[in-house]
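# please find the sequence and the predicted model below.
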Number of protein chains: 2
Amino acid sequence: MQEAEWIDRYIKPLVTSKGAFELTDDVAVLTPYETTIVTMDTLVEAVHFLAADPLDTVGRKLLRVNISDIYAKGAAPGEALLSIAWPRHRDEVEFAALMAGIGDDLEAFNVSLIGGDLVTTDGPLILSLTLTGQIIGPAAIHRNGAKAGDGIFVTGQIGFGDVGLAAAQRGDCEDLAARYRVPVLAPLQAAAAVATHATASMDISDGLLLDAQRLCKASRVGLVLDLDCVPLAEPSDDLAIVIRQCTGGDDYQILMTAPADRDLTNFTRIGRVVEGDGLGLKWRGNTVDLPDILGFLH
Amino acid sequence: MQEAEWIDRYIKPLVTSKGAFELTDDVAVLTPYETTIVTMDTLVEAVHFLAADPLDTVGRKLLRVNISDIYAKGAAPGEALLSIAWPRHRDEVEFAALMAGIGDDLEAFNVSLIGGDLVTTDGPLILSLTLTGQIIGPAAIHRNGAKAGDGIFVTGQIGFGDVGLAAAQRGDCEDLAARYRVPVLAPLQAAAAVATHATASMDISDGLLLDAQRLCKASRVGLVLDLDCVPLAEPSDDLAIVIRQCTGGDDYQILMTAPADRDLTNFTRIGRVVEGDGLGLKWRGNTVDLPDILGFLH
């Protein structure tokens, strides 16, 4: 399946509501309420998490990948509906672990579970979460407001998805694997900063470079990222290792543009918005070619 | 998996919002909006539809099982988010068919698609829909308001899920199979009647008798159903055939209690609410024992 093409060809033509932004954003605005947004993300065993991952971590990841979308729009998470397609062969202890992980993060992120569906399947475990958010500022922040002269900022560190997945697959570094299994999100204050300062914002889920390129395109501007400034999970003198972390995906940090002079707690400035279009990279004072693959598509 | 037990044991304790009704209803009320409800239903290939069912019919069924929940609460469907876990081996023509079916029913039922997620899976096709609804009357109608003296009413006919499934499996009667694949819902006017007249209401998805028993329990009343009055897909002089249609599930009609003297377009009166608790059945003037299995649990 070529996901993006099929979405363009078969799904987007069905979308007519103004609040859906032609599916170009991470969330939709719920009609008739200008202040409530909604997102829905699905995780598939062996695609979005490892079949051997403890299910409490999978439950927490499910919450976080959705909360990440809400935060990135300058909103606070609200209410959730949960669909579980549960493999018949998995036992009750695992189900209890999944729900314990979900319960922990419902509480940690102040999300209220209000409904959903539980069904059985002969295939892999599949989890869908629908999550609402309440906008903190006057309106949700979209991908399309970046202006030449803005700075570009990220929360947290980039690359734990990549470095942590490798550790989980090797089984040799539990601390790093934990960062893959349960991404560490920016605090809610970062969502408030998005609401106050951002001209454009989105979450980084498929790789910093790919998501930065999407923000460029939506805003019809250029972006120059200074790779030396990107706070990496594993800082390195090897450009290939730097690029790998910036394209690996599963980071769930906020990528935001805002006036360049703002000094923003929880954010690191990693580049600037310029006239033109497309993404440029700098490293150690030199311009660097874009890699062929900018991110990870599930 | 024992779905109901696991929900009680692991999911209900996580649900604290008043609008979620401890998951005892088909929908939740979205905070802070008293007039918006939301539901989420998931369909799994080979569980909720046949693997050989044409995917345009599966798409339409997905919409209708969710719309049925919204109608039964006295609400009009609003906006939808769609999650598709797509089997790698299925081809683009099938995807186009799925989306065409969904598109047809989005239009037919005036539902706006605003978001969702598309992922691939090595397992069966799994579809989740989250659907909002706007309440038509002053408040959503729940399962718990039936009063002794009320009449009990249904829309449409009962049993097409059962009779149609058998036809689809045998492959001998396309008209009946079509009624299983794409349930025929009551018109929106029936939802308006729920809003105006109902004391309690729910949709019939797991079998008339099982769902009627749930309504009894939620309302803490008794119900006496007159099987002679139930509008059946396949009227019969054989009680076993009557019972089979009343327990087969997949009907997606509205089951509502309302003052007994109301003459309601789109509804047939099939019994009465009495003091006490539990479900009683009458057929041809005699009391009939409840069957051991009241409905179908997926």
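Good, I have the coordinates.
# run a quick neighbour tally on the residue nearest to A:G271 when sequence neighbours are not counted.
Distances taken as Cβ to Cβ, 6 or more residues apart in numbering or on different chains put A:L225 closest to A:G271, at 4.0 Å, once the chain neighbours are dropped. Placement of C-beta: from N, CA and C, glycine included. A:L225 is flanked by 22 other residues according to other Cβ atoms under 10 Å in any protein chain shown.
# now the strands for chain A?
With strands called from DSSP state E, chain A shows them at A:28-29, A:36-44, A:75-87, A:112-121, A:126-135, A:150-155, A:200-204, A:222-226, A:253-259, A:267-274, A:278-283, A:286-288.
# parallel or antiparallel, which strands does the fifth one pair with?
In this case it means strand A:126-135. strand A:36-44 (antiparallel), strand A:75-87 (antiparallel) (DSSP bridges).
# Serialize these to TSV and add fields for mean pLDDT and mean neighbour count.
Output for these, formatted as TSV (pLDDT from 0 to 100; neighbours: other Cβ atoms under 10 Å in any protein chain shown):
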stretch	mean pLDDT	mean neighbour count
strand A:36-44	97	26
strand A:75-87	97	24
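# could these be laid out in JSON lines, adding distance to A:L185?
Shown next, in JSON lines, are those (distance: least, Cβ to Cβ, whole Å):
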{"stretch": "strand A:36-44", "distance to A:L185": "14"}
{"stretch": "strand A:75-87", "distance to A:L185": "10"}
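# quick one, which of these is nearest to B:K12?
When those are compared for distance to B:K12 using Cβ to Cβ, the nearest one is strand A:75-87, at 12.3 Å.
# which residues of chain A score low on pLDDT?
In the predicted model of chain A, residues A:1, A:297-298 satisfy pLDDT under 70.
# neighbours around the nearest residue to A:A233 once chain neighbours are set aside, how many?
Among residues not flanking A:A233 along the chain, A:G159 sits closest, at 3.6 Å (Cβ to Cβ, 6+ apart). A:G159 has 27 neighbouring residues, counting by other Cβ under 10 Å.
# got the CA coordinates for stretch A:182-202 in CSV?
C-alpha atoms of stretch A:182-202 as CSV (Å, rounded to 0.1, in the frame of the first residue of the first chain):
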residue,chain,number,x,y,z
VAL,A,182,7.3,5.0,26.0
PRO,A,183,8.2,8.3,24.4
VAL,A,184,8.9,11.2,26.8
LEU,A,185,6.7,14.1,25.9
ALA,A,186,7.3,17.7,26.5
PRO,A,187,5.3,19.1,29.5
LEU,A,188,1.9,20.7,29.1
GLN,A,189,3.6,24.1,29.4
ALA,A,190,5.2,23.5,26.0
ALA,A,191,1.7,23.2,24.6
ALA,A,192,0.9,26.5,26.3
ALA,A,193,4.0,28.0,24.7
VAL,A,194,2.8,26.8,21.3
ALA,A,195,-0.6,28.5,21.9
THR,A,196,1.2,31.8,22.9
HIS,A,197,4.1,32.0,20.5
ALA,A,198,3.8,29.6,17.5
THR,A,199,3.2,30.7,13.9
ALA,A,200,3.1,27.0,12.8
SER,A,201,3.4,23.8,14.8
MET,A,202,3.2,20.0,14.4
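# what domains does the record give for chain A?
Chain A is divided into the following domains under automatic domain parsing: A:3-135, A:150-288.
# contacting residues for the residue in chain A that chain B sits nearest to?
Closest contact between chain A and chain B, by Cβ to the nearest Cβ, is at A:G123 (1.6 Å). Residues in contact with A:G123 (Cβ atoms under 8 Å, 6 or more residues apart in numbering or on different chains) are A:A85, A:P87, B:T121, B:D122, B:G123, B:P124, B:I126.
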